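Asks: When you get a sec, could you give me coordinates for this:
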Amino acid sequence: MLLLAGCNGSGGGGNNSPPPPVPVTGIYFGTYTINGAASPVNVYGAIDSGGTAYFADQFGTLYVLPTITNTGTAFDGTMTAYAPPRQTFANGQSIATFSVSGNTSSDGVFVGGTFSQPGESGTFQLNYEPLSISRITVSSGSYQGFYWGNGGNTAITITVSPNNTFSGTDGFGCQISGAISYVPGLNLFTVTADSTGQAMCAGKVSGLGFAGTEDLTGQFGGVTGVYFYVGASHANAGFAAEFKSQ
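Replies: Next up is the predicted model:
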């Protein structure tokens, strides 16, 4: 009887403990709306197991959010925005910072909140994408890509090796090398890269990537294929890029 009572939770209470928090990890698509704007802006990105979140909007601006770790929790901090490579925002700067706060749903289906800086504010909602759990491997071989937001004018060509390292060049004359590492069980990977050779090359960056079968930017004409997307940054530079298997 004592054993049965323990199993029912009236004695030891072991089964009354709340379940461990579920990490907010995966791929999220959504929108943000600037207060006073006529329509929302599409955003795409991912959150890794450590809570780091990278997102890019349809214009190629990269956003790095504060740490977002578990479902059903609140977050706040600083969001950093990076203009596409060699471009600036309306104020002539290539980096902007926002105060951001929000919440994650208890089931991890969405992440939402508000952001603001002097003279600008808005809201966002990011929805968990099922393709997070449909892993698509970035196979070894050649990939053609673009910096997102440069209108397809700045190409990137890379070759991925079987050991998940890569190397290549971009239209700015930069030499690119780096490596990817998969997040276990998910269609998500971390990226480290070094862009060198010109004074304006980004240098050492890190970020996140995911793969899919849809041309999200439309720069490849919507052709069916295997695509992968990367957002990477350091304190002074960042970019979003799209690649297609050749």
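Asks: Now the terminal residues of stretch 204-219, how far apart.
Replies: Counting by CA to CA, to the nearest Å, you get 26 Å between the two ends of stretch 204-219.
Asks: Tell me the gap between that stretch and the middle of its chain.
Replies: Here stretch 204-219 is found 8 Å from its chain centre; the criterion is CA atoms, centre = their mean, to the nearest Å.
Asks: buried stuff in it?
Replies: Within stretch 204-219, the residues that count as buried by 16 or more other CB atoms under 10 Å are 205, 207-212, 215-217, 219. (C-beta placed from N, C-alpha, C; glycine too.)
Asks: among those, which two are most distant?
Replies: When CB to CB is used, the two most widely separated members of the buried residues of stretch 204-219 are Val205 and Asp215, lying 23.7 Å apart.
Asks: Quick check: which ranges of the chain have low pLDDT?
Replies: Low-confidence segments of the chain (pLDDT under 70): 1-20, 150-152.
Asks: about what we covered before: possible to save the buried residues of stretch 204-219 as CSV with distance to Ala179 and secondary structure?
Replies: Conversion of those to CSV gives the following (distance: CB to CB, whole Å; DSSP: H, G, I helix; E, B strand; the rest coil):
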residue, distance to Ala179, secondary structure
Val205, 12, strand
Gly207, 12, strand
Leu208, 13, strand
Gly209, 11, strand
Phe210, 16, strand
Ala211, 16, strand
Gly212, 21, strand
Asp215, 25, coil
Leu216, 24, coil
Thr217, 24, coil
Gln219, 25, coil
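Asks: wait, which of the residues you listed is closest to Ile156?
Replies: For those, the nearest to Ile156 is Gln219 (11.5 Å; CB to CB).
Asks: Against Thr213, how distant is Gln246?
Replies: 15 Å (CB to CB, to the nearest Å).
Asks: Now Ala155: closest residue in space, sequence neighbours ignored.
Replies: Spatially, and ignoring its direct neighbours in sequence, Ala155 is nearest to Gly171 (4.8 Å; CB to CB, 6 or more residues apart in numbering).
Asks: tell me the contacts of Ser121?
Replies: 34-35, 114-115 (CB atoms under 8 Å, 6 or more residues apart in numbering).
Asks: Separate out the buried members of these.
Replies: 114-115.
Asks: Please tabulate the contacts of Ser121 in JSON lines, including the columns distance to Thr154.
Replies: Listed next are the contacts of Ser121 as JSON lines, based on distance: CB to CB, whole Å:
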{"residue": "Ile34", "distance to Thr154": "26"}
{"residue": "Asn35", "distance to Thr154": "32"}
{"residue": "Thr114", "distance to Thr154": "33"}
{"residue": "Phe115", "distance to Thr154": "28"}
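Asks: What about the contacts of Ser121, which are in strands?
Replies: Mapping those onto strands (DSSP state E) picks out 34, 114-115.
Asks: out of the buried residues of stretch 204-219, which one sits closest to Pro130?
Replies: Gly212 (10.9 Å).
Asks: Quick check: beta-bridge partners of that closest one?
Replies: Beta-bridge partners recorded for Gly212 (DSSP bridges): Tyr227.
Asks: can you give me the helices for the protein?
Replies: Secondary structure of the chain (DSSP state H): helices located at 2-7.
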